[in-house]
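A.B. asks: below is the sequence, then the predicted model.
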Amino acid sequence: MKKLVAVSGIAAIAIIGGLAACKSSTPAAVSTAPAVLSSAPAANSAPAATSVPIAASTSAPAMTIAQQQAVDAAQGYLSVGLGFSQESLIQQLTSSAGNGFTQADAKFAVNYLNPNWDAQAVDAAKGYLQIGGFSRSSLIQQLTSTAGNGFTEAQAEYAVSKVGL
């Protein structure tokens, strides 16, 4: 009876062995490996190398490293609460002043996360109201402008209604 020990050296060997066995370099396989190793019962568990590809293929789609990085960056921007439209988030992710991701990786990240754009528009509207000086129509214009946020008219209308203008 073999007991798995979560010591850094043994865990590293098991992870490397598991990755070599499944011939996968996807972040899903890497991030799933420690959970499989640490939570599997020692007596009845299958070897980690066998568990990793199964868990990776059923829990999340395989991503390239660039796609995972784009997802992480997009998640960070969305969590700040400033309110990004789909257009402005892709622009931020692809801009050389932003993250410099490819258009394909940025679109993958946005589609993968599938944020609530209405809620993002509300966050943006709240931020503008804190600055002050916006009428209903000027706030809608700011939210929909390509120089502003790039929300759709419907998203801007929703946001303005939610913030009470």
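C.D. replies: Looks like it arrived, so ask away.
A.B. asks: any weak-confidence spans in the protein?
C.D. replies: By pLDDT under 70, the low-scoring segments of the chain are 1-61.
A.B. asks: quick one, domains of it?
C.D. replies: Domains of the chain are assigned by automatic domain parsing as 8-59, 65-162.
A.B. asks: and stretch 80-94, how far apart are its ends?
C.D. replies: 18 Å (CA to CA, to the nearest Å).
A.B. asks: swap in stretch 146-165?
C.D. replies: The first-to-last residue distance of stretch 146-165 comes to 21 Å (CA to CA).
A.B. asks: residues making contact with it?
C.D. replies: 83-88, 91, 117-118, 120-122, 124-126, 129, 134-136, 139-144 (CB atoms under 8 Å, 6 or more residues apart in numbering). No exception for glycine: its C-beta is placed from N, CA and C like everyone else's.
A.B. asks: can we see that at 10 Å?
C.D. replies: Residues outside stretch 146-165 that contact it (CB atoms under 10 Å, 6 or more residues apart in numbering) are 82-91, 116-129, 134-145.
A.B. asks: buried residues in the helix or strand hosting Ser161, which are they?
C.D. replies: Per DSSP states H and E: Ser161 is located in helix 153-162. For helix 153-162, a neighbour-count test (16 or more other CB atoms under 10 Å) marks Gln155, Ala156, Glu157, Tyr158, Ala159, Val160 as buried.
A.B. asks: just stretch 83-90 next, same as before
C.D. replies: Buried residues in stretch 83-90 (16+ other CB under 10 Å): Gly83, Phe84, Ser85, Gln86, Ser88, Leu89, Ile90.
A.B. asks: got a list of what the last one touches?
C.D. replies: Spelled out, it's Ile90. In this structure, Ile90 makes contact with Ala70, Ala74, Phe84, Gly98, Phe101, Gln103, Ala106, Lys107, Ala109, Val110, Gly150, judged by CB under 10 Å, 6+ apart.
A.B. asks: redo those as CSV? Include distance to Met63 and secondary structure.
C.D. replies: Listed next are these as CSV, based on distance: CB to CB, whole Å; DSSP: H, G, I helix; E, B strand; the rest coil:
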residue, distance to Met63, secondary structure
Ala70, 9, helix
Ala74, 12, helix
Phe84, 21, coil
Gly98, 20, coil
Phe101, 13, coil
Gln103, 16, helix
Ala106, 13, helix
Lys107, 13, helix
Ala109, 9, helix
Val110, 14, helix
Gly150, 26, coil
